[in-house]
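Visitor: coords please:
(3 chains)
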Amino acid sequence: MQLQLRSSSSASALFSAVQVKPPSSPPVRVKALFTKNPGSGTLKNSNSNTNPNPNPMASNPRWAQKTVTLPPLRRGCHLITPKIVKEIAQDLSEFKCGLAHLFLLHTSASLTINENYDSDVRDDTETFLNKIVPEGRSAPWKHTLEGPDDMPAHIKSSMFGCTLTIPITDGQLNMGTWQELHGCMLLLTSLLTSADCVLHNCLI
Amino acid sequence: MQLQLRSSSSASALFSAVQVKPPSSPPVRVKALFTKNPGSGTLKNSNSNTNPNPNPMASNPRWAQKTVTLPPLRRGCHLITPKIVKEIAQDLSEFKCGLAHLFLLHTSASLTINENYDSDVRDDTETFLNKIVPEGRSAPWKHTLEGPDDMPAHIKSSMFGCTLTIPITDGQLNMGTWQELHGCMLLLTSLLTSADCVLHNCLI
Amino acid sequence: MQLQLRSSSSASALFSAVQVKPPSSPPVRVKALFTKNPGSGTLKNSNSNTNPNPNPMASNPRWAQKTVTLPPLRRGCHLITPKIVKEIAQDLSEFKCGLAHLFLLHTSASLTINENYDSDVRDDTETFLNKIVPEGRSAPWKHTLEGPDDMPAHIKSSMFGCTLTIPITDGQLNMGTWQELHGCMLLLTSLLTSADCVLHNCLI
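Guide: Coordinates of the predicted model:
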């Protein structure tokens, strides 16, 4: 437990030093990879899609795939639903029934779904991860070349996983009242993290 | 370890007090959201679907989405495959190849796949979760307003996750001989838990 | 910690005794279950598919489902991306945008995504799993009939999970630079492990 507290305070110090951007103004960047228009079979950039679906009963499947770059976030668990949904909102709104698949392209971060209301839940989750995966001199890891937080981050990433699939219902992520996407940044120095978002569906 | 044993015994006491329904008579409730008929393009309630697919070679994708409400289950890990499969059986039987996606709408429960034979496995899994995520006075959690079991439940939910995707082959969940869906209820007072089930497929 | 070290060394001894095949010559076996040709609606074995897609703009969804049998692997975490990709490469190459779903049919193994470069990361992950889930006389498990490593394997399997979904972009698994599929074998005697691979997509 002492290790965890020491780690936590040194983290705060480093955050002040590197001047990470506050999460309140996230420079989310989006790269649209693929969007399949229902009934057209042509490629388009979903960000410029202003035409409503001409034939909602067409059985063509729709797919959309984008890379969303999350803003710099300090070590810890963060609510990222607004950031993700903002970037995929237009595609999402056209999916009556489907799945949204999220995939983090990194091995030192993880995605999970947890409580969205009390920030203490995110802090306690970080406390748990630090307690269960020790770092520093007492830790038994062989992989230490990239810093004391690197191997613990890899383990934590596997514990929570880097991928999530969420049902889409009526153009929205169908999560419970208290559920929200959490992005857990597991390194002190994680500045940006890309997430692939894949939506797939059939309009009905 | 002492904490875990004490927690476990107080849990048993509470279960007796609240008289949760035995899992043997589950009042599973189902709300059909969407079902896409192959070759028709019309909405239907899958529970009333008695017509066989008129054109199995049609390339139309099929989707079905339902909300299944699990019965009251006491804290612990429970086999829920029969409950889930019973409610999605008709849709499932029409999918020759596809995926079944399950999503729990709660942050104090989790879905996992584990051994289906010996109930000791479920008990030991609960023992592990209680050992690894302590609750009570010795626990370091800040989020305690909703009771001593609330924050541990959130952490356990993230550890195992609230979502699963299972291959469908020849109209059945394609799991290993010893595999079964486990629903882990992580609060003493969890009485019902909704699961969204999304099936998606293409008839071939 | 002592328990973990003892367990680790006894594992090495047993590996020498049972003469498991080295992972360098994996007898991966593949059973093609379903492959949906775009625009044809007929079944085929994807391994014999040499015809390019005649109409890439057709909106027919494509699905492929296979069972890949992994080679005997000793207890620990192993890189399995080459083994998996080799067996699904032909189908994969025809999917411009989609998802690859992997599912292990066992309760004593798990799939995770982690760092692909330093083998110490895999060793440290195994060390973590052994530390967090004790085995032997000091362990509190009731389920011991199948050996001291059986119940710990079930718990570790639930921690990391037995299923993964990865985006497909331009015919390849779209993972980060340092990401790779890890198969974690959690029993001393695990000799082979089947994985169902499901690809689903729409050509665009």
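Visitor: quick check, stretch A:89-96 touching chain C?
Guide: No. Judged by C-beta under 8 Å from any C-beta of the partner chain, stretch A:89-96 makes no contact with chain C; its nearest approach is 12.5 Å. (Each C-beta comes from the backbone N, C-alpha and C, glycine too.)
Visitor: For that stretch, list every residue counted as buried.
Guide: A:90-92, A:94-96 (16 or more other C-beta atoms under 10 Å in any protein chain shown).
Visitor: Stretch A:117-125 too?
Guide: A:118, A:120-125.
Visitor: now the residues you listed in JSON lines, with pLDDT?
Guide: Formatted as JSON lines, the buried residues of stretch A:117-125 follow (pLDDT from 0 to 100):
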{"residue": "A:Asp118", "pLDDT": "95"}
{"residue": "A:Asp120", "pLDDT": "97"}
{"residue": "A:Val121", "pLDDT": "97"}
{"residue": "A:Arg122", "pLDDT": "97"}
{"residue": "A:Asp123", "pLDDT": "97"}
{"residue": "A:Asp124", "pLDDT": "98"}
{"residue": "A:Thr125", "pLDDT": "98"}
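Visitor: picking that back up, put together TSV for the buried residues of stretch A:89-96, with pLDDT on each row.
Guide: Output for those, formatted as TSV (pLDDT from 0 to 100):
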residue	pLDDT
A:Gln90	89
A:Asp91	87
A:Leu92	90
A:Glu94	84
A:Phe95	85
A:Lys96	84
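Visitor: In helices, which of those appear?
Guide: Using DSSP state H, A:90-92 are the members of those that sit in helices.
Visitor: circling back: ok, which pair from the buried residues of stretch A:117-125 is furthest apart?
Guide: Greatest spacing in the buried residues of stretch A:117-125, by C-beta to C-beta: A:Asp118 and A:Thr125 (11.2 Å).
Visitor: okay, and the common contacts of these two?
Guide: Here A:Asp118 and A:Thr125 share no contacting residue, scored by C-beta atoms under 8 Å, 6 or more residues apart in numbering or on different chains.
Visitor: Show me the strands in chain A, by range?
Guide: A:29-35, A:61-70, A:76-79, A:97-104, A:109-115, A:163-169, A:172-173, A:179-185, A:193-202 (DSSP state E).
Visitor: Name the nearest residue to A:Leu145, ignoring sequence neighbours.
Guide: With sequence-adjacent residues excluded and distances taken as C-beta to C-beta, 6 or more residues apart in numbering or on different chains, A:Leu145 is closest to C:Asp118, at 7.6 Å.
Visitor: Would you mind confirming that that neighbour makes contact with A:His143?
Guide: Yes. The criterion here is C-beta atoms under 8 Å, and C:Asp118 meets it with A:His143 at 5.4 Å.
Visitor: remind me which residues of chain A are low pLDDT?
Guide: Applying pLDDT under 70 to chain A picks out residues A:1-61, A:190-192, A:201-204.
Visitor: coming back round to it: ok, which of the strands of chain A comes nearest C:Leu199?
Guide: Comparing those by C-beta to C-beta, strand A:193-202 comes nearest, at 12.1 Å.
Visitor: re earlier: among the buried residues of stretch A:117-125, which lie within helices?
Guide: Those of these lying in helices (DSSP H): A:120-125.
Visitor: Intersect the residues you listed with the contacts of chain B.
Guide: Within those, those near chain B by C-beta under 8 Å from any C-beta are A:120-121, A:123-125.
Visitor: is it true that A:Ile88 touches A:Val68?
Guide: Yes. The pair A:Ile88 / A:Val68 is scored as a contact, 7.3 Å apart, by C-beta under 8 Å.
Visitor: what sits in contact with each of those two?
Guide: In contact with both A:Ile88 and A:Val68: A:Cys197, using C-beta under 8 Å, 6+ apart.
Visitor: from the buried residues of stretch A:89-96, which is closest to C:Ala195?
Guide: A:Phe95 (29.1 Å).
Visitor: I'd like the distance between the closest one and chain C.
Guide: Distance, A:Phe95 to chain C, using C-beta to the nearest C-beta, to the nearest Å: 13 Å.
Visitor: Got phi/psi on that residue?
Guide: phi -100, psi 110 (degrees, to the nearest 10).
Visitor: swap in the one 10 residues further on?
Guide: Phi and psi for A:Leu105, reported as degrees, to the nearest 10, are phi -90, psi 20.
Visitor: now swap in A:Asn116 and tell me
Guide: Main-chain torsions, A:Asn116, degrees, to the nearest 10: phi -110, psi 0.
Visitor: can you pull the contacts of it?
Guide: Contact partners of A:Asn116, counting by C-beta under 8 Å, 6+ apart, are A:79, A:81, A:178-180.
Visitor: For these, give me a markdown table that also has neighbour count.
Guide: Listed next are the contacts of A:Asn116 as a markdown table, based on neighbours: other C-beta atoms under 10 Å in any protein chain shown:
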| residue | neighbour count |
| --- | --- |
| A:Leu79 | 17 |
| A:Thr81 | 17 |
| A:Trp178 | 17 |
| A:Gln179 | 22 |
| A:Glu180 | 18 |
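Visitor: Out of those, which comes closest to B:His154?
Guide: A:Trp178 (9.5 Å).
Visitor: Okay, that closest one and B:Ser110: tell me how far apart.
Guide: Separation of A:Trp178 from B:Ser110 (C-beta to C-beta, to the nearest Å): 14 Å.
Visitor: Also A:Asp118?
Guide: Counting by C-beta to C-beta, the gap from A:Asp118 to B:Ser110 is 19 Å.
Visitor: What is the burial count for the residue of chain A found nearest chain B?
Guide: Proximity to chain B, evaluated over chain A using C-beta to the nearest C-beta, is greatest for A:Gly176 at 3.4 Å. By the criterion of other C-beta atoms under 10 Å in any protein chain shown, A:Gly176 has 19 neighbours.
Visitor: swap in A:Glu135?
Guide: As a burial measure, A:Glu135 scores 21 neighbours (other C-beta under 10 Å).
Visitor: Give me the number of neighbouring residues for whichever residue of chain A sits closest to chain C.
Guide: Relative to chain C, the nearest point of chain A is A:Leu105 (3.4 Å; C-beta to the nearest C-beta). Residues near A:Leu105, counting by other C-beta under 10 Å, number 20.
Visitor: Apart from its neighbours in sequence, what residue is nearest A:Ser158?
Guide: C:Thr112 (4.3 Å).
Visitor: That'll do, ta.
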